[in-house]
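*Asks:* could you work out the structure for the sequence below:
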Amino acid sequence: MDRTEIIENTRERVIESISQNMYLYGVSPSIGRLYGTLYFKDKPMTLDEMKEELKMSKTSMSTSVRTLTELNMVEKVWKKGVRKDLYEAKTDWYQIFIDFFSNQWRKVTAMNVKAIKQSRKELTYMLENEVLAESEKQQIQSDIEKYNQILDYYDWLNRLFDFLESDEIFHHVEKRNKWSE
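*Replies:* This is a model prediction of the structure:
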């Protein structure tokens, strides 16, 4: 086995590992394979080049690139004299994680906060405007208190996301180049 084959095999092993772990980002292994391929390329690629490299359809490549772009893992780049769209992998895995984690959890948090506030509003209305048995009042007050506790938690999560996105995290948990030393 020559050196070029060894280099390609080691890359393939890492790309396969990346592709198998992409479920953490909610995407298929084929999209992970595309990210890994772009990550190891020394130059941006067109959809046609990706299609050729991965032996997938252009439609599949387009969908995969769009998914990776939405996850902020790939970006469109411009190159003088090239008319086709070019894409390259973002290589700051710390930022990729922060963007993904924050974006996904903010969506979930916003949806849950909306549901909780609507439920709390309805119960508050009942408490203030309806004749209720004492047991019903206690149940509603208990539920409102639980909703308030959950809202406090979601407020904490949002502050955590703000902390991550501010890069303040790196003052507490520093990035290291441990393996390059």
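
*Asks:* any idea how this protein splits into domains?
*Replies:* As assigned by automatic domain parsing, the chain contains the domains 3-91, 94-172.

*Asks:* nearest to Trp179, of those?
*Replies:* Of all these, it is domain 3-91 that lies closest to Trp179, at 13.0 Å by CB to CB. All C-beta spots, glycine's among them, are computed from the backbone N, C-alpha and C.

*Asks:* what average pLDDT does the closest one get?
*Replies:* Mean pLDDT, domain 3-91: 91.

*Asks:* for the helix or strand hosting Leu160, packing partners?
*Replies:* Assigning secondary structure by DSSP states H and E places Leu160 in helix 134-165. Judged by 3 or more CB pairs under 8 Å, 6 or more residues apart in numbering; DSSP states H and E, helix 134-165 is in contact with helix 93-129.

*Asks:* centre of the chain to the helix it packs on, how far?
*Replies:* 17 Å (CA atoms, centre = their mean, to the nearest Å).

*Asks:* flag every buried residue along it.
*Replies:* Across helix 93-129, burial judged by 16 or more other CB atoms under 10 Å covers Ile96, Ile98, Asp99, Phe100, Phe101, Ser102, Trp105, Thr109, Val113, Ile116, Arg120, Leu123.

*Asks:* of the residues you listed, which is the nearest to Leu71?
*Replies:* Nearest to Leu71 out of the buried residues of helix 93-129 is Phe100 (CB to CB; 5.8 Å).

*Asks:* what's near enough to touch that closest one?
*Replies:* Contacts for Phe100 (CB atoms under 8 Å, 6 or more residues apart in numbering) come out as Tyr25, Leu71, Asn72, Met73.

*Asks:* restricted to buried residues, select these in ChimeraX.
*Replies:* To isolate the buried members of these in ChimeraX, using 16+ other CB under 10 Å:
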select :25,71,73
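
*Asks:* show me which pair in the contacts of Phe100 is furthest apart.
*Replies:* Farthest apart among the contacts of Phe100 by CB to CB are Tyr25 and Asn72. That separation is 10.5 Å.

*Asks:* many thanks, I have nothing further to ask.
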